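Student: just need the structure, nothing else, for what follows:
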Amino acid sequence: MGSDGIAEPDWDLEQLEVILEDRASWQLVIAGPGAGKSAVACRRVADLVDEGVPASRILVVSFTRTAVAELRDRIVSYSTAGDRARGVRISTIDSHAWSLRVGFDDEPLPNLMRDGDYDLSIQRTVELFRSRDPLLLDFMGLIEHLIIDEAQDVVGLRVELVVEMLRSLSHTCGVTIFADPVQAIYGFTTDHKDVNESGVSLLERLPADCPRPFLKRDLKNNHRVKDDTLLDLFVRTRTEIELSEQSQGYLARVQKTIRDMSRQDFSVKSFDSLVDFLDRPFDGSMLVLFRRRAEALVASSYCSAARVKHRLRMSGLPIVVRPWLGWLLGETVKAILSREEFDELWEYRASVCSTPFLGEDREACWGLLHRLAAGSRSQSVDLVHLRNVVARSRPPVELCYPELGSAGPILGTIHASKGREADTVFLMIPLYTNGENAVEDSTDTAAIFEEGRVYYVGVTRARKMLVTAGKSPTRVGYLRSSRIYRRLGETKAQFEVGRDGDIDKLAHLGWSNTLGIQHILAAHADQPVQVEALAVPEEGYSLRLTLEHEGPDGGTRVSDIGQMSAAFQGELRELWSKIDTGGCLKPATAIEHLYLIAVGTVGLDEHERGAVRTPFSQSALALAPVVKGFPMIQFFSRRRSRYSR
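Tutor: Alright, predicted model coming up:
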């Protein structure tokens, strides 16, 4: 039993060998789905802390942000040290590289990190290691145990970084690496295009470049699934992938194995039929998994139109900090907040509007703030530090939603589901006719075999039941940013809305009615509602988000609640250029069928505070809308002389 009363797994012999191995050993653990890899990693860390290894000298490198909070909570539950075990350092590779650069690089850093900047940051961190920076090496020498997860998916620059980290460790530092070659799905294909940057994985580089040999161990038993049919499916699919020697017909064989052995197989010919299937009560959790972002996006659009509750998890979506934080502290300009002041403020803000606090535990929220930004006085929070933490491009995962949406099945891509599981998995397997499967028909055998591994990852997310369905792929196009669009005739196209950066987080905080907008957003923080984006000629045709809501007098009102970003409007112009090749069209002034899918907290850095009104220029925290949709963009004829882009 864990320290917080959570029952531990019944460890098998293979798991115990990994957990109890000498702290200075270097282990390479091959663990398939359901083998209890995360539980074993957390138990090993908990044991190290309980044996006296300082928590701050243990580094766990996780592949995804979502896993970070889960790993920390499980380590604490397993350790007799309790909250002291929270000091274990857990981060993604990207975040760890950024932290090292902040601490040891004398070169100037960008004010705001974007996804592309992380590769530059990793490259610079690798250079610091190779230059043998003494302070960096001294810091790495303090680490007493390093755990790396999902080694098969660490590719490219990230491999170089991890290899340099391994070379910099002291001779007494232990290492535990977890991997599964059959789940390697990040080397060649992605969830939105057929071919991506290729590269040798960390798992492949270890034999030649690792400074010490590894003790190899295997976790073979599946502890997640009790259903014999599902277990047999996992084994047969894995065997097909491991033993295949030729790519010809390989994907067809993998698909046939999956569909023949799934509990149910549906012939889904349209997204309407998928919505009908999802619009029913289900026992337990459900993942609805697609091969491409486009399929997940279109399915989400159909669900939203039919008012079927669902959540969305795929690449490119914004990180959303929970709204209780912005609602609680958005109008607070204090530098230090005591526990008593926190409780009083919570009660007051809940009396004004309680919606952002629904489902939140006040005690847990205080504990989280105190862990992230403890003040110098006992039982206080340093709000200056907290504001800086929230203003980061990637705020602490504990503050964020794991996916967009609050309830219902989770729709997403197989790639984004890596490391996740559910009682029921509904797996959409593309149906291809001759000449339609770009991967199977290609000569790139590595990409073909990876495609089979992608299906295997999707299958093995199921705990109790796998449901499969087949549907012909949705034909879409991609803008330079990988934003999805779909042409529908000569003058219409669907256009992806809701990517990271689509909303201007500052615009609505500079309007005269900004406090009123905060109240409207707070009142709509619990469930999706339809909104529109309207072009405002007086504001240079900026797209304002409008929401129809009930006013204080009970009447219906329409209010502006936010604004689409200049970057979004630039991409809308890129779509325009693709549709209007003759220079004789103009887009409609309204974008309909958008949904306010969430309300999030935004943090403002020092530069951004000067562009907004008080009190947000001082509090640096506020609420902002989060929208999504795959709306139709209609283009109309125009006279070139009267309207120009």
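Student: how about the strands in the stretch 351-500 of the chain?
Tutor: Ranges of strands in the stretch 351-500 of the chain, per DSSP state E, counting those that start in this stretch, are 380-382, 410-413, 422-430, 462-471, 477-478, 484-487, 492-495.
Student: would you list these in a markdown table and tack on mean neighbour count?
Tutor: Any C-beta I mention is one placed from the backbone N, CA and C, and that applies to glycine too. Converted to a markdown table, the strands of the stretch 351-500 of the chain look like this (neighbours: other CB atoms under 10 Å):
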| stretch | mean neighbour count |
| --- | --- |
| strand 380-382 | 21 |
| strand 410-413 | 26 |
| strand 422-430 | 22 |
| strand 462-471 | 21 |
| strand 477-478 | 14 |
| strand 484-487 | 19 |
| strand 492-495 | 20 |
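Student: in the helix or strand harbouring Ile520, what's buried?
Tutor: Using DSSP states H and E, Ile520 falls within helix 514-523. Buried positions in helix 514-523, judged by neighbour count with 16 or more other CB atoms under 10 Å: Thr514, Ile517, Gln518, Ile520, Leu521, Ala522, Ala523.
Student: in three-state terms, label the closest residue to the first one other than its chain neighbours for me.
Tutor: Excluding the flanking residues, the one nearest Thr514 by CB to CB, 6 or more residues apart in numbering is Arg613, at 5.4 Å. For Arg613, the secondary-structure state derived from DSSP: H, G, I helix; E, B strand; the rest coil is coil.
Student: doesn't Leu509 make contact with Arg613?
Tutor: Yes: using CB atoms under 8 Å, Arg613 is in contact with Leu509, at 6.4 Å.
Student: between these two, which one's more packed in?
Tutor: The neighbour comparison of Arg613 against Leu509 (other CB atoms under 10 Å) goes to Leu509, with 25 against 14.
Student: okay, now the closest residue to that one other than its chain neighbours: neighbour count?
Tutor: Using CB to CB, 6+ apart and skipping the chain neighbours, the partner closest in space to Leu509 is Val612 (3.8 Å). Using other CB under 10 Å, Val612 is surrounded by 22 other residues.
Student: so Val612 makes contact with Leu604?
Tutor: Yes: taking CB under 8 Å as the definition, Val612 is a contact partner of Leu604 at 6.7 Å.
Student: list residues touching both of the two?
Tutor: Leu506, Leu509, Ala622 (CB atoms under 8 Å, 6 or more residues apart in numbering).
Student: which pLDDT value belongs to the closest residue to the first one other than its chain neighbours?
Tutor: In space, Leu506 comes closest to Ala611 once its chain neighbours are excluded; the distance is 5.2 Å by CB to CB, 6+ apart. Taken from the predicted model, the pLDDT recorded for Ala611 is 93.
Student: Ala611: what's it in contact with?
Tutor: Contacts for Ala611 (CB under 8 Å, 6+ apart) come out as Leu506, Leu509, Gly510.
Student: got the residues you listed as TSV, with distance to Ser565, pLDDT and secondary structure columns?
Tutor: Formatted as TSV, those follow (distance: CB to CB, whole Å; pLDDT from 0 to 100; DSSP: H, G, I helix; E, B strand; the rest coil):
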residue	distance to Ser565	pLDDT	secondary structure
Leu506	9	96	coil
Leu509	14	97	helix
Gly510	14	96	helix
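Student: show me the shaky parts of this protein.
Tutor: 1-7, 108-117, 187-199, 245, 247, 263-269, 431-444, 639-645 (pLDDT under 70).
Student: domains of it?
Tutor: Domains of the chain are assigned by automatic domain parsing as 13-219, 228-317+403-474, 323-399, 484-642.
Student: hmm, back to that, can I get the contacts of Ala611 in TSV with distance to Leu325?
Tutor: Shown next, in TSV, are these (distance: CB to CB, whole Å):
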residue	distance to Leu325
Leu506	18
Leu509	16
Gly510	21
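Student: sorry, back to before: what does the next helix or strand after the helix holding Ile520 contact?
Tutor: Per DSSP H and E, the first helix or strand lying C-terminal to helix 514-523 is strand 529-536. Strand 529-536 is contacted by residues 497, 541-547, 561, 564, 589-596, 625, 627 when judged by CB under 8 Å, 6+ apart.
Student: over to Leu161. Which of the three states is it?
Tutor: helix.
Student: then Thr601?
Tutor: strand.
Student: how near is it to Glu360?
Tutor: As for Thr601, its distance to Glu360 is 12 Å (criterion: CB to CB, to the nearest Å).
Student: tell me, what's touching these two both at once?
Tutor: Arg322, Trp324.
Student: who's more crowded, those two?
Tutor: Neighbours around Thr601 and Glu360, counted as other CB under 10 Å, are more numerous at Thr601. The numbers are 24 against 14.
Student: give me every residue that touches Leu488.
Tutor: Each residue near Leu488 by CB under 8 Å, 6+ apart is listed here: Gln494, Met632.
Student: tell me how far it lies from Met632.
Tutor: From Leu488 to Met632 the distance is 7 Å (CB to CB).
Student: repeat for Ala407
Tutor: Per CB to CB, Ala407 is found 27 Å from Met632.
Student: more neighbours, the two?
Tutor: Met632 (16 against 10).
Student: for Glu548, see how far away that one is.
Tutor: 20 Å.
Student: repeat for Leu585
Tutor: Taking CB to CB, one finds Leu585 at 29 Å from Glu548.
Student: these two - which one has more neighbours?
Tutor: Leu585 (18 against 12).
Student: mind listing what the more buried one touches?
Tutor: Taking CB under 8 Å, 6+ apart as the definition, contacts of Leu585 comprise Thr491, Trp576, Ile579, Phe635, Phe636, Ser637, Arg638.
Student: my guess is Leu479 meets Leu575, correct?
Tutor: Yes: between Leu479 and Leu575 there is a contact at 6.8 Å, judged by CB under 8 Å.
Student: shared neighbours, those two?
Tutor: With CB under 8 Å, 6+ apart, Leu479 and Leu575 have common neighbours Tyr485.
Student: of those two, which one has the most company?
Tutor: Shown here are Leu479 and Leu575; by other CB under 10 Å, Leu575 has more neighbours (21 against 16).
Student: and the more buried one, that's in a strand?
Tutor: No: per three-state DSSP, Leu575 lies outside any strand segment and is helix.
Student: surely it and Ala493 touch.
Tutor: Yes: between Leu575 and Ala493 a contact is recorded at 6.2 Å, counting by CB under 8 Å.
Student: shared neighbours of those two, anything?
Tutor: Tyr485, Ile633.
Student: just the closest of the contacts of Ala611 to Lys334, please.
Tutor: Of all those, the one with the least separation from Lys334 (CB to CB) is Leu509, at 19.2 Å.
Student: where does the nearest residue to His508 once chain neighbours are set aside land in three-state SS?
Tutor: Closest residue to His508 apart from its sequence neighbours, by CB to CB, 6+ apart: Gly562 at 4.8 Å. Gly562 carries the three-state label strand when classified by three-state DSSP.
Student: Gly562 against Leu545, yeah?
Tutor: Yes: in this structure Gly562 lies within contact range of Leu545 using CB under 8 Å: 4.3 Å.
Student: between these two, what contacts are shared?
Tutor: With CB under 8 Å, 6+ apart, Gly562 and Leu545 have common neighbours Ile503, Pro625, Val627.
Student: what about the last one, distance to Leu543?
Tutor: Between Val627 and Leu543 the distance, using CB to CB, works out to 11 Å.
Student: returning to what we had before: elements contacting the helix holding Ile520?
Tutor: Applying 3 or more CB pairs under 8 Å, 6 or more residues apart in numbering; DSSP states H and E, we find helix 514-523 packed against helix 323-329, strand 542-550, strand 556-563, strand 621-628.
Student: contacting residues around it?
Tutor: Under CB under 8 Å, 6+ apart, the answer for helix 514-523 is 323, 327, 330-331, 352-353, 355-356, 508, 511, 547, 549, 559-562, 599, 612-613, 616, 622-625.
Student: and the angle for that helix with strand 621-628?
Tutor: Counting by axes from the mean of the first three to the mean of the last three CA atoms, to 10 degrees, helix 514-523 lies at 60 degrees to strand 621-628.
Student: return the alpha-carbon coordinates of helix 514-523 using PDB.
Tutor: The C-alpha coordinates for helix 514-523 follow below in PDB (Å, rounded to 0.1, in the frame of the first residue of the first chain):
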ATOM      1  CA  THR A 514     -12.400  44.100 -20.500                       C
ATOM      2  CA  LEU A 515     -13.800  43.400 -16.900                       C
ATOM      3  CA  GLY A 516     -17.200  42.600 -18.300                       C
ATOM      4  CA  ILE A 517     -15.600  40.200 -20.800                       C
ATOM      5  CA  GLN A 518     -13.800  38.400 -18.000                       C
ATOM      6  CA  HIS A 519     -17.200  37.900 -16.300                       C
ATOM      7  CA  ILE A 520     -18.800  36.500 -19.500                       C
ATOM      8  CA  LEU A 521     -15.800  34.100 -20.000                       C
ATOM      9  CA  ALA A 522     -16.000  33.000 -16.400                       C
ATOM     10  CA  ALA A 523     -19.700  32.200 -16.800                       C
END
